[in-house]
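Asks: generate a structure from the sequence data that follows.
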Amino acid sequence: MSTSTTTPPEPPATQTAASTATGETNATQATTKTAPGATGPTTTSNGTSGTPYKWRWIVLATVLIAEIMDLVDATIVNIAAPSIRAELGGSESAMQWMLAGYTLAFAIGLISFGRLGDLVGRRRLFLIGAVGFTVASAVCGFATSPELLIGSRVAQGLLGAVMIPQGFAILKAVFPAEEIGKAFAMFGPVMGLSAVAGPIIAGVLIDANWFDAGWRMIFFINVPIGIAALVGALRFMPEVKTPGASRLDTAGVVLVSLASGLLIYPLVQGRELGWPAWSILMMVGSVGVFALFGWRERRSGNPVIDPSLFRSRGYVAGLAVITTFFLAMSGFMLVFNLFTQLGLHYSPLKAGLAMVPFSLGIAIGAPLSGGLLAPKFGRKALQLGVAVMTVAMGGVWLTLHTYGDATTIWNLVPATLATGIGAGLVFAPLFDIILASIDDRAAGSASGVLTAMQQFGGAIGVAVIGTIFFQLLPAHAFLGATKTAVLVAIGMFLVSLAVTWLLPKRAREGTPAH
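Replies: The predicted model follows:
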């Protein structure tokens, strides 16, 4: 599980995560133009007078379609990776890149494309992103080599980052204040359903082998869905721009992208090449480039990330919590899916079904935390979630230790269900508690950085825990390598739990949990 856990948009009490790391979309200043073929006056989400936009609910459906494409594609390759490698070949690191390439590109793209939408128009970028994502999906389906598939996955991630924040910002512009909460409330069930359905869809499509396409159908299925999103956007989505929006700091974007690449590339490739000196130098060099990026941000008139965010201890701690938490979870999910198929010899469908208890656990834990525990206990609800997930991961290790290579789906159900419940308890209040230390002016930028760090942490998790797993395979076989990877994930969850004590004690009043 990776970007299927992406936090849904902020409700009106704070700015939406769609504003991204690059700055807030000011709904009170956004200029909304009627889309071609769409008629009627519009209003912005701040509740200005006038008739609400006529097609706003169809716009919502269009944005939800785009969100489903992104969420499902972020995780669906987890199940398909062994089948892809069996047909296309490639190294073990290629399987890591199929996942890390997408999430890393998405994270980096979020840093820049939110503000770019303010400059050139949200609808225009949504259309570019939707067209590009659909084409990239088709190219993934037709890929004849691991390299082409990985390149297409990177393109998917970048174009998903072009598309997703624009839709969120447009929703804030077309819905009146009294309806925006209802609109954003739709994201929770859709994201939960995507989390449950993603692994199952992958397993069903691969096992069904429609048109003799096998794993390729997980990408081809995006083509009709993408066309539906395009039709909805062309016919019903209005253009939204922000007058006076600041320019994008291109140098800052280049620096943060370079630093990320210098870190992730050697983490994935170094093991396979025997950890040559250049791989170590690249990782060390990434620290210097990140530092240069920070220096640039403090002096830039249009910083990619608002430097004031890093003066808040609670917010910096929140970045650490998100990075370590999603590092552990994403890395574990990669290893778990590889183990069930390659180690336990489950079919893709059976491997997908093995993920269902985890997804159902999220569906149980998230509303329990968001509706009951977080409003009453604040940070303690989040800490309970991390603790439950840590203990449940210990249950996964104990299950594997007890049953070994004879482990069945039913043996795994108690531990994976509990793991999902813990994850759900964390997901619901996580963003709102972290953002409690940030004022409303910077909330949009802050929320976007958190979303980007969530994706970045997932990419590092796939690189680090995946590398440890593959490093141990020759000597310890699948069972031993998986058990060690689980222990590494438990260690990262413990780090995450320790850092939560630096977070604000509760979300701000009037800000419901996600």
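
Asks: from here on, contacts and neighbour counts on C-alpha atoms
Replies: OK.

Asks: please enumerate the helices of the stretch 351-500 of the chain.
Replies: Along the stretch 351-500 of the chain, the segments classed as helices by DSSP state H, counting those that start in this stretch run 356-368, 374-377, 379-403, 409-435, 440-499.

Asks: what's the closest of those to Ala202?
Replies: helix 356-368 (12.3 Å; CA to CA).

Asks: the closest one vs helix 409-435, what angle?
Replies: For the pair helix 356-368 and helix 409-435, the angle between their directions (axes from the mean of the first three to the mean of the last three CA atoms, to 10 degrees) equals 30 degrees.

Asks: other SSEs contacting helix 356-368?
Replies: Under the contact criterion of 3 or more CA pairs under 8 Å, 6 or more residues apart in numbering; DSSP states H and E, the helices and strands touching helix 356-368 comprise helix 187-208, helix 409-435.

Asks: can you lay out those as a markdown table showing distance to Thr75?
Replies: As requested, these are exported to a markdown table (distance: least, CA to CA, whole Å):
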| stretch | distance to Thr75 |
| --- | --- |
| helix 187-208 | 7 |
| helix 409-435 | 15 |
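
Asks: which of those is buried the deepest?
Replies: Taking mean count of other CA atoms under 10 Å as the contact definition, the stretch among the helices and strands packed on helix 356-368 with the greatest mean neighbour count is helix 409-435, which reaches a mean of 25.

Asks: pretty sure Phe113 contacts Leu159?
Replies: No. Counting by CA atoms under 8 Å, Phe113 stays clear of Leu159, with 9.5 Å between them.

Asks: the closest residue to Phe126 other than its chain neighbours: which element?
Replies: Leaving aside its chain neighbours, Phe126 sits nearest to Met163 (4.4 Å; criterion: CA to CA, 6 or more residues apart in numbering). In this structure, Met163 is located in helix 146-174 according to DSSP states H and E.

Asks: report the buried residues of that helix.
Replies: Neighbour counts using 16 or more other CA atoms under 10 Å place 146, 149-174 of helix 146-174 among the buried residues.

Asks: tell me the mean pLDDT for the helix or strand where Val72 lies?
Replies: When secondary structure is defined by DSSP H and E, Val72 falls within helix 56-88. Here helix 56-88 scores 86 as its mean pLDDT.

Asks: apart from its chain neighbours, what residue comes closest to Val495?
Replies: If the residues on either side of it in the chain are set aside, Val495 comes closest to Thr324, at 7.2 Å by CA to CA, 6+ apart.

Asks: dump the residue contacts of the one you found.
Replies: Listed by CA atoms under 8 Å, 6 or more residues apart in numbering, the contact set of Thr324 reads Gly457, Met492, Phe493, Val495, Ser496.

Asks: flag the least confident of those residues.
Replies: When it comes to pLDDT, Gly457 is the least confident member of these, at 89.

Asks: quick one: that one and Gly331 touch, right?
Replies: No. With contacts counted by CA under 8 Å, Gly457 stays clear of Gly331, the gap being 9.4 Å.

Asks: give me the pLDDT value at Leu230.
Replies: For Leu230, the model assigns a pLDDT of 93.

Asks: return the set of buried residues in the helix or strand hosting it.
Replies: Leu230 belongs to helix 222-236 when assigned by DSSP H and E. Across helix 222-236, burial judged by 16+ other CA under 10 Å covers Asn222, Val223, Ile225, Gly226, Ala229, Leu230, Gly232, Ala233, Leu234, Phe236.

Asks: Throw those residues into a markdown table and include distance to Phe339, thanks.
Replies: Shown next, in a markdown table, are the buried residues of helix 222-236 (distance: CA to CA, whole Å):
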| residue | distance to Phe339 |
| --- | --- |
| Asn222 | 27 |
| Val223 | 30 |
| Ile225 | 31 |
| Gly226 | 32 |
| Ala229 | 35 |
| Leu230 | 38 |
| Gly232 | 40 |
| Ala233 | 41 |
| Leu234 | 44 |
| Phe236 | 45 |
